[in-house]
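**Q** give me the fold of what follows.
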Amino acid sequence: MTKKRILVIDDNESLLKMLKISLNNAGYESEILSDPFKAEQYIETFKPELLLIDIFMPGRSGFNIVEDFNAKGIYKKIPKIFLTGLDDDIEKMTAMGIGVTSYITKPFKIQDLIDCIKNIFLKSLGDSEKALKD
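**A** Okay, the predicted model is just below:
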């Protein structure tokens, strides 16, 4: 079975390294990116099946990244999880409104993130199986 691919976009290098190790240990193939302006380029080459995106990064926020994708009509089917230090209901609602699948507040337990990722992939699998039956 092939490993699910996850791209992590965050400006915090130490968090990126920790997430890469944790995701790989959980059975995923992950790539990390600290430059939010290269997101589209990395997606084209790595072909991730899920994106973990920090909201607050210098020069380009997670919101900017997802809104740019939406404006271009690209990557809408790739699930997106926002990672942020801001626990704000308005931010969460805005994120969900632009197509973000889940919203995780920093600091977080790595197992909670892994569980969230597993649930997203399980839902995706269930949706695919349902579509085949319909």
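
**Q** residue 104: neighbouring residues, count only.
**A** 17 (other Cβ atoms under 10 Å). No exception for glycine: its C-beta is placed from N, CA and C like everyone else's.

**Q** ignore what I typed, I meant residue 74.
**A** By the measure other Cβ under 10 Å, the count of residues near residue 74 is 13.

**Q** can you tell me, leaving aside adjacent residues, what's nearest to it?
**A** In space, and not counting its chain neighbours, residue 74 is closest to residue 40: 7.7 Å by Cβ to Cβ, 6 or more residues apart in numbering.

**Q** please identify the helix or strand for that neighbour.
**A** Counting by DSSP states H and E, the element that carries residue 40 is helix 39-46.

**Q** and stretch 25-44, what's its mean pLDDT?
**A** Stretch 25-44 carries an average pLDDT of 97.

**Q** gap between it and the chain center?
**A** Relative to its parent chain, stretch 25-44 has a centroid offset of 9 Å by Cα atoms, centre = their mean, to the nearest Å.

**Q** show me where this structure has strands.
**A** For the chain, the strands defined by DSSP state E occupy 5-9, 29-33, 50-54, 80-84, 102-105.

**Q** out of the ones you listed, flag the one nearest residue 66.
**A** strand 80-84 (6.1 Å; Cβ to Cβ).
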